[in-house]
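K.L.:
Provided below for reference: sequence and predicted model.
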Amino acid sequence: MDFRLTAEQESLKREFEEFFAREESRAPEGWSGGLFAIFESDENWAYHRSVAERLAEKGWLSLPWPKEYGGKEHSYIEQLIFNEVKAYHRVPGVDMWGPQIVAPSILEHGSEELKKKWLPRIARGEINWCQGWSEPNAGSDLASLTTKAVEDGDDFVINGQKIWTTGAHRADHIFFLARTDQNAPKHRGITYFVSEIDKPGITIRPLLYMHKKREYNEVFFDNFRVPKKNVVGQVNQGWYVTMAGINFERSMIGTVAELKRGLEELVEFCKKTVHHGRPLGEATLVRQKLAQMAIELEATKQWAYYVSWLQSKGQNVPAESSAAKWFSSELTVRFANIAIEIMGLYGTLKEGSKWARLQGRYEDLCQASLGITIAGGTTETMKNIIAWMGLKLPR
Amino acid sequence: MNLDFTETQEILKKTAREFMARYYPKSLVRELEEDAIGFRSDIWKEMAKLGWLGWIIPEEYDGVGGSFMDTVVLFEEMGRACFLLPFFSTVICTLPLVTAGSEEQKKEFLPGIASGETIFSLALTEPSATYDAAGINTRAVVQGNEYLINGTKLFIHDAQVAHYFLCAARTKTNESRPEDGITLFIVDAKIPGIKITPLHTIADDKQCEVIFENVKVAEKYVVGQLHQGFPIIEKLLEYAAMAKCAEMMGGADWVVENCTSYATERVQYGKPIGSYGIIQNYLAEMWAEIGIAKRFTYYAAWLLNEGLPCSKEVAMAKSWAGDVYRRWTRMGVQIFGGIGTTREHDMGLYYRRGRQAPLLFGDPDSLREKVAQEMGL
């Protein structure tokens, strides 16, 4: 075993660190990073977009792609380092759907025409995506979706509803799944589409998160037309195209790095804040809690590196990456809850109050983190994948 | 980066797995648990032949010249087999001899360890039952070119079969820090004045009370510098913590595999219990938490092996692995149900070790406190 990075990886890491430290320093006033901060205000969105442009200039939005489509053919390990450094600095700039989900699907299943049209625009960070996977009755059991696509000349006509469409109100493009064969078995009648959003037949309605912020939306298709050439892969094969979309760095290192930064700040807070006549950080229980968080974070980090290592060897690791998703997301919820426990009443104040501490980050994260143990497959689904695919338990 | 085992380690793993299956069935574990001595010289000799006893000893002293990281694989397999012979005790005493021992000491003791003739035991802990310097009150007083050792050592593993003790004693008192004035000695276990009494523990491992009463040790058996023994002990404790982690993770592997296959076969209410969500939940959590703890163990052990700074990571890994092993050896019994609670079933062997091992060489709570200190708290 050798946990050292190569000299090239070390030098790339330094380059990332310099870049993201610089980008962090020009964040707008009140920028807190974290989950979906980019959607909150025009100013935040503009910051996200401007970082995206700089990342595109460096070719860092397409690190693992083949060179012929503008990529740098970097391995999962280099992508992991990028994601880790970026998250630690709380810098936005990478559309969570375009480079990571749509692009791999197009790369693996798209026609040459589709590749030439869409990939350069994703690599240049020109377009902003949202996902049309989930439906009101198709969450983790995605293949039970019912949105319909019916052929009509050169187009498909789409009718139905999507939900949990993160950032749809900021996005200009959507990729989605719709049922093209009503009679086929569940997984075999689904087609994968890419489309502009700003067209007739689509309505976007906000679905506010419990902390009042707008991340989610509902999206309604009412005779929405998509040209046939926008089908990724074959008609009725959308499920398999979607599976290609999960072919990206799945270690969850970003979550770990964000929490690491948060823990460093919380430790400083506990050293400086006096409760009952002594610094919080001297209280045995507080020390135990902070140390436990540090331990779980480091353990999760090592697991993330391991998942990425297995992926870099070309292994498909559904159980390992599910464990990373489950563990890192549940750790985020635990961390947020422990932070406001330790901070006491101050921890419950919203950002903006002069009395709020640590920018009200944990008041916010206590709520926002609940979404990440659900979105992208619930913790329960992750455990099912481990049980069924990893341990081969009977169903 | 390369997170795979080396070829040597893969071979060691395979050999050790086969060795345990052949020489160390669970029936023997039970037999040795009941036996006061708990030692089998035929097995010990076989291990010496394979080079395991001298694995970390340099070739010039008849060892293999392998790495500590290699032995992590061996410790894992021994943990999996609930191994009781004094391999652990001897190896953790060998490390300070290799790094801090004098040339004369190395020549005198290392070849004997490698050949299986010499068994060492660490005489560190005392009635305070802690691993910190303040817990060391055994005294060693100079008398000519000898030292006279007096004190009580407690929880001393494998003392009943040891030929030598690596004994920590205070050579200066009233120092400003408890870490100062501690010296490490090699003590012949057959010297008059040593009284060994077995202790009976939850894991039925072989631990003893060892009383030193005017035990004479020649000056040449001081390991490292006089009064400067504690830094050596601290390093030794890190190695011991990682070896214990590896043992626990090997045991944990057995638990995951056997609970999973049992859940697949055991039918209740017409279906295998592994098809029920609640059991799948336990098993998925077990698999993931143990997997994560195992990777963390490798990482910390690797840092230690490479000589990189690792006090925090070692404490973290041992704390986490201990918590995880405790949790899942308990849930393992739950999954096996009634039979898991019996003396006849193997799960109990792991459950009992799951109460013992997390407390050895740093318990999760005190290690968390160490981590807190390392974090600047």
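P.N.:
Sure thing, it's come through.

K.L.:
got a list of what the nearest residue to residue B:275 once chain neighbours are set aside touches?
P.N.:
Counting by Cβ to Cβ, 6 or more residues apart in numbering or on different chains, the nearest residue to residue B:275 once its immediate chain neighbours are dropped is residue A:394, at 4.2 Å. C-beta: built from backbone N, CA, C; applies to glycine. Residue A:394 makes contacts with B:264, B:271, B:272, B:274, B:275, as judged by Cβ atoms under 8 Å, 6 or more residues apart in numbering or on different chains.

K.L.:
from residue B:266, how far off is residue A:394?
P.N.:
The spacing between residue A:394 and residue B:266, counted by Cβ to Cβ, to the nearest Å, is 11 Å.

K.L.:
got it, and residue A:234?
P.N.:
44 Å.

K.L.:
distance between the helix or strand of chain A with the lowest mean pLDDT and the chain's centre?
P.N.:
When the helices and strands of chain A are compared on mean pLDDT, DSSP states H and E, helix A:238-245 comes out lowest with a mean of 86. Chain-centre distance of helix A:238-245: 17 Å, with Cα atoms, centre = their mean, to the nearest Å.

K.L.:
can you point out the buried residues in it?
P.N.:
The neighbour-count check on helix A:238-245 (16 or more other Cβ atoms under 10 Å in any protein chain shown) flags A:238, A:239, A:240, A:241, A:242, A:244, A:245 as buried.

K.L.:
follow-up on the earlier one: which neighbours do residue A:394 and residue B:266 have in common?
P.N.:
Common neighbours of residue A:394 and residue B:266 (criterion: Cβ under 8 Å, 6+ apart): B:272, B:274.

K.L.:
re the thing from before, more neighbours: which of residue A:234 and residue B:266?
P.N.:
Here residue A:234 and residue B:266 are compared on neighbour count by other Cβ atoms under 10 Å in any protein chain shown; more neighbours surround residue B:266, at 16 against 12.

K.L.:
write out the residues of the stretch 151-300 of chain A neighbouring chain B.
P.N.:
Those residues of the stretch 151-300 of chain A that sit near chain B, judged by Cβ under 8 Å from any Cβ of the partner chain, are A:267, A:270-271, A:281-282, A:284, A:287-288, A:290-292, A:294-296, A:298-300.

K.L.:
mind doing that once more with 10 Å?
P.N.:
The interface of the stretch 151-300 of chain A toward chain B, taken as Cβ under 10 Å from any Cβ of the partner chain, is made up of A:263-264, A:267-268, A:270-271, A:279-284, A:286-300.

K.L.:
what about residue A:86, how many neighbours?
P.N.:
The local packing of residue A:86 (other Cβ under 10 Å) involves 26 other residues.

K.L.:
ok, it to residue B:294 distance?
P.N.:
Residue A:86 sits 28 Å away from residue B:294, going by Cβ to Cβ.

K.L.:
for residue B:72, same thing?
P.N.:
Plainly put, residue B:72 is 10 Å away from residue B:294 if you go by Cβ to Cβ.

K.L.:
can you give me the strands for the chain?
P.N.:
Let's take chain A. Counting by DSSP state E, chain A has strands at residues A:129-132, A:148-152, A:155-162, A:173-179, A:190-196, A:202-207, A:216-227, A:231-232, A:274-275, A:278-279.

K.L.:
that's the wrong chain, I wanted chain B
P.N.:
Taking DSSP E as the criterion, chain B carries its strands at B:120-123, B:139-143, B:146-157, B:164-170, B:182-188, B:194-199, B:207-218, B:222-223, B:267-268, B:271-272.

K.L.:
quick check, the residue in the stretch 1-150 of chain A closest to chain B?
P.N.:
Closest approach of the stretch 1-150 of chain A to chain B (Cβ to the nearest Cβ) occurs at residue A:2, with a separation of 4.7 Å.

K.L.:
for the closest residue to that residue other than its chain neighbours, what are its contacts?
P.N.:
Among residues not flanking residue A:2 along the chain, residue B:2 sits closest, at 4.7 Å (Cβ to Cβ, 6+ apart). When contacts are counted by Cβ atoms under 10 Å, 6 or more residues apart in numbering or on different chains, residue B:2 is found next to A:1, A:2, A:3, A:4, A:309, A:313.

K.L.:
wait, isn't the third one in contact with residue B:296?
P.N.:
Meaning residue A:3. No: Residue A:3 is beyond contact range of residue B:296, at 11.4 Å (criterion: Cβ atoms under 10 Å).

K.L.:
now for those two: what residues contact both?
P.N.:
Residues touching both residue A:3 and residue B:296 (Cβ under 10 Å, 6+ apart): residue A:302.

K.L.:
more neighbours, the two?
P.N.:
Under the neighbour definition other Cβ under 10 Å, residue A:3 and residue B:296 were set side by side, and residue B:296 has more, 29 against 16.

K.L.:
top helix in chain A by residue count?
P.N.:
In chain A, ranked by residue count with DSSP state H as the criterion, the top helix is helix A:284-312.

K.L.:
the least confident helix or strand of chain A versus strand A:173-179: what angle between them?
P.N.:
Between the direction of helix A:238-245 and that of strand A:173-179, the angle (axes from the mean of the first three to the mean of the last three Cα atoms, to 10 degrees) works out to 140 degrees.

K.L.:
got a markdown table for the buried residues of helix A:238-245, with distance to residue B:34 too?
P.N.:
Conversion of the buried residues of helix A:238-245 to a markdown table gives the following (distance: Cβ to Cβ, whole Å):
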| residue | distance to residue B:34 |
| --- | --- |
| A:238 | 64 |
| A:239 | 59 |
| A:240 | 59 |
| A:241 | 62 |
| A:242 | 59 |
| A:244 | 59 |
| A:245 | 59 |
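
K.L.:
quick check: which ranges of chain A have low pLDDT?
P.N.:
Across chain A, the stretches falling below the confidence threshold (pLDDT under 70) are A:245-247.

K.L.:
same thing but at 50, please
P.N.:
By pLDDT under 50, chain A has no low-scoring segment.

K.L.:
how about the residue with the shortest distance to the centre of it, nearest residue that isn't a chain neighbour?
P.N.:
The structure's chain A has its C-alpha centroid closest to residue A:96; by Cα atoms, centre = their mean the separation is 4.9 Å. If you skip the residues right next to it in sequence, residue A:96 has residue A:166 as its closest partner in space, 7.6 Å away by Cβ to Cβ, 6+ apart.

K.L.:
measure how buried the one you found is and give me the count.
P.N.:
If you count neighbours by other Cβ under 10 Å, residue A:166 ends up with 22.

K.L.:
go on, residue B:337?
P.N.:
Neighbour count of residue B:337, defined by other Cβ under 10 Å: 14.

K.L.:
hang on, it packs against residue B:331?
P.N.:
No: the criterion here is Cβ under 10 Å, and residue B:337 misses it with residue B:331 at 11.8 Å.

K.L.:
show me where the chain has its helices.
P.N.:
Unless you meant another one, I'm taking chain A. Counting by DSSP H, chain A forms helices over residues A:7-25, A:42-58, A:76-88, A:103-109, A:112-123, A:238-245, A:253-272, A:284-312, A:318-343, A:361-372, A:379-385, given from the N-terminal end onward.

K.L.:
not quite, go with chain B.
P.N.:
Using DSSP H, the helices of chain B run over B:7-23, B:26-34, B:41-49, B:68-80, B:87-100, B:103-115, B:230-265, B:277-306, B:311-336, B:347-356, B:364-374.

K.L.:
any chance of those helices in a markdown table, plus mean pLDDT and distance to residue A:25?
P.N.:
A markdown table is the format used below for these (pLDDT from 0 to 100; distance: least, Cβ to Cβ, whole Å):
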| stretch | mean pLDDT | distance to residue A:25 |
| --- | --- | --- |
| helix B:7-23 | 98 | 45 |
| helix B:26-34 | 96 | 61 |
| helix B:41-49 | 98 | 59 |
| helix B:68-80 | 98 | 41 |
| helix B:87-100 | 97 | 46 |
| helix B:103-115 | 98 | 56 |
| helix B:230-265 | 98 | 39 |
| helix B:277-306 | 98 | 32 |
| helix B:311-336 | 98 | 29 |
| helix B:347-356 | 98 | 49 |
| helix B:364-374 | 97 | 29 |
